[in-house]
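In: coords below, sequence missing:
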C-alpha cells in the first residue's frame, strides 16, 4: 500500500505508474474507473476498516466508457485504485488461492492462457469476455464470485491493504484478446472437481 513513510519520489512514481496504466487501458477501450485507496500508515496503525477498493464516485456508472483524456485527469491529482467496470467489455471470476492455482495450471496445460490478477487478500481474478450467466457449479460455490454487469474489479498496480494488486498472467500473454468466458468457466468447473492433472508450473509474470 502507499505508505506515508515512503519518500515523496516513491509516492510520485507510484502515482505516475497508476496513471499510465489507467490511460493505457482506457485507450484499449477498457472501462476504467478511479477507486478508493487505503489510508496510509500514520505511525501507529493503518485504516483497519478498509477492505478493498470501491468506485471513488457515486455516479461511476455514468463514467463508464469515458475517453482516455478524461481518465488521465482522474489520476493526476491524487492516488486512486485502478478499477475496471465489468459487464460491458469484460467479466471476471473471483476465486480463492487454491482454486486459482489449479485453474491456472489447467489453462496453461490446455494452451489457453487467460489474464489473471492476484490480490494481497489471497483472491484471484480470471478475466474473460462478457457472459450472461455462469455454470451452476460456480454460482453455488460461496468462495466464487462472478463480476458481471454492475460490478468492478481492481487491476494492477492498485494499492491494497498490506500490498498491491499484481498480474499473475498479463494480458500481453494473450495478445490482449480476452478468452471466451465459457472456456474459462469450464476450466474452473474442472478445477473444482479436481480434474486438473499435474503439468508445467504456471510461470508468473512480474507485477505491472
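Out: Yep, that arrived. Predicted model, so just to flag it, every value in this text is computed and none were measured.

In: For the rest of this, base every contact and every neighbour count on C-alpha atoms.
Out: OK.

In: dump the residue contacts of the residue most central in space within the chain.
Out: In the chain, the centroid-proximal residue (Cα atoms, centre = their mean) is residue 155; its distance is 3.6 Å. If you count contacts by Cα atoms under 8 Å, 6 or more residues apart in numbering, residue 155 has them with 81-84, 117, 165-166.

In: again with residue 85
Out: By Cα under 8 Å, 6+ apart, the neighbours of residue 85 are 31-33, 64, 149-153.

In: Mind checking which of these are buried?
Out: Taking 16 or more other Cα atoms under 10 Å as the criterion, what is buried in the contacts of residue 85 is 31-33, 64, 149, 151-153.

In: Any buried residues in the top helix by length along the chain, and which?
Out: Using DSSP state H, we find that the single longest helix of the chain is helix 8-27. If you call a residue buried by 16+ other Cα under 10 Å, then helix 8-27 has these buried ones: 11, 14-15, 17-19, 21-27.

In: list the helices and strands that helix packs on?
Out: strand 32-35, helix 68-74, strand 81-85 (3 or more Cα pairs under 8 Å, 6 or more residues apart in numbering; DSSP states H and E).

In: Return the list of strands paired to the last one, each annotated with direction.
Out: Neighbouring strands of strand 81-85 in its sheet, by DSSP bridges, are strand 32-35 (antiparallel), strand 152-155 (antiparallel).

In: Output those in CSV, with distance to residue 140 and mean pLDDT appended to each entry.
Out: Below are the strands paired with strand 81-85 laid out as CSV (distance: least, Cα to Cα, whole Å; pLDDT from 0 to 100):
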stretch, distance to residue 140, mean pLDDT
strand 32-35, 29, 96
strand 152-155, 21, 97
